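A.B. asks: have a look at this prediction, sequence included:
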Amino acid sequence: SDDTTHCATTSGGSPCAGNKPTASDNANFDTNSSAADAAYTVTVNEAAVCLDFVMDGPGAGNNVTWAGSSALAISGSLNLIGGSTDITRTYTGAITFNSTATGKTLTFNSLTMANATTFNGAGGGWTVQGTWNNGTSAITLTAGTLDTNGQTVTCGTLTTTGSTTRALTLGASTINV
């Protein structure tokens with residue numbers, strides 16, 4: 001919610017000065033997000049949207065903490081570059097992927113998630129890159145195409161539902177429910 005000092009449209013760029021990210025703006029959290037590679041926290045404390053969501057640790061052995069419980073809508077890809085070594089996730093908000101374009105990717109880098117996750121983008125397409133552990137939380141496909149890409153996926157439930165065109169491609173994936 002603090003868009004005056006904590007939002008920039010480019011890595012290390014000037015603050016957004018009153019404009020929060022939209023579905024056309026990437027949200028990047030990286031070494032330029034803190035002074036002197038210090039640990040910091042990203043809190044989703046109100047419903048948020050972005051294009052690509054990219055998170056990496058600040059470096060120097062410090063972690064970024066991803067916190068909050070408000071919903072997050074991602075209209076592009078998710079890339080958790082820092083994975084379990086650089087990101088501490090306490091974030092519990094629901095995540096909705098709503099792209100209407102194909103070619104989007106999901107990269108978790110061994111970070112265990114615990115978020116109700118919905119794919120709801122007519123014409124959208126997402127491909128899982130690497131193991132996805134969503135804990136006991138649900139994964140729901142209501143529109144678009146989800147390709148688990150032969151990766152191992154762990155979740156509480158995996159559901160495909162609704163009247164909108166959708167496709168789930170499992171290939172050689174192992175699904176642990």
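C.D. replies: Happy to help now that I have it. Numbering: from 1, shown residues only.
A.B. asks: all contacts plus neighbour counts: C-alpha atoms, from now on.
C.D. replies: OK.
A.B. asks: so where is the protein shaky, pLDDT-wise?
C.D. replies: Across the chain, the ranges flagged by pLDDT under 70 are 3-9, 14-18, 36.
A.B. asks: can you pull the contacts of residue 26?
C.D. replies: For residue 26, the contact set (Cα atoms under 8 Å, 6 or more residues apart in numbering) comprises 9-10, 50-54.
A.B. asks: in JSON lines, list the residues you listed along with distance to residue 26 and neighbour count.
C.D. replies: Shown next, in JSON lines, are these (distance: Cα to Cα, whole Å; neighbours: other Cα atoms under 10 Å):
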{"residue": "9", "distance to residue 26": "7", "neighbour count": "16"}
{"residue": "10", "distance to residue 26": "8", "neighbour count": "15"}
{"residue": "50", "distance to residue 26": "6", "neighbour count": "20"}
{"residue": "51", "distance to residue 26": "5", "neighbour count": "21"}
{"residue": "52", "distance to residue 26": "5", "neighbour count": "21"}
{"residue": "53", "distance to residue 26": "6", "neighbour count": "21"}
{"residue": "54", "distance to residue 26": "8", "neighbour count": "17"}
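A.B. asks: what ranges do the helices span in this structure?
C.D. replies: 83-86 (DSSP state H).
A.B. asks: any idea which strand is longest in it?
C.D. replies: Looking across the chain with DSSP state E, the single longest strand is strand 117-129.
A.B. asks: what packs against that strand?
C.D. replies: In terms of contacts (3 or more Cα pairs under 8 Å, 6 or more residues apart in numbering; DSSP states H and E), strand 117-129 is packed against strand 95-97, strand 104-107, strand 138-147.
A.B. asks: am I right that residue 158 is in contact with residue 140?
C.D. replies: Yes - counting by Cα atoms under 8 Å, residue 158 touches residue 140, with 5.9 Å between them.
A.B. asks: tell me what the most centrally placed residue in the chain is bridged to.
C.D. replies: Against the mean C-alpha coordinate of the chain, by Cα atoms, centre = their mean, the closest residue is residue 78 at 4.1 Å. Under DSSP bridges, the beta-bridge partners of residue 78 are residue 53, residue 106.
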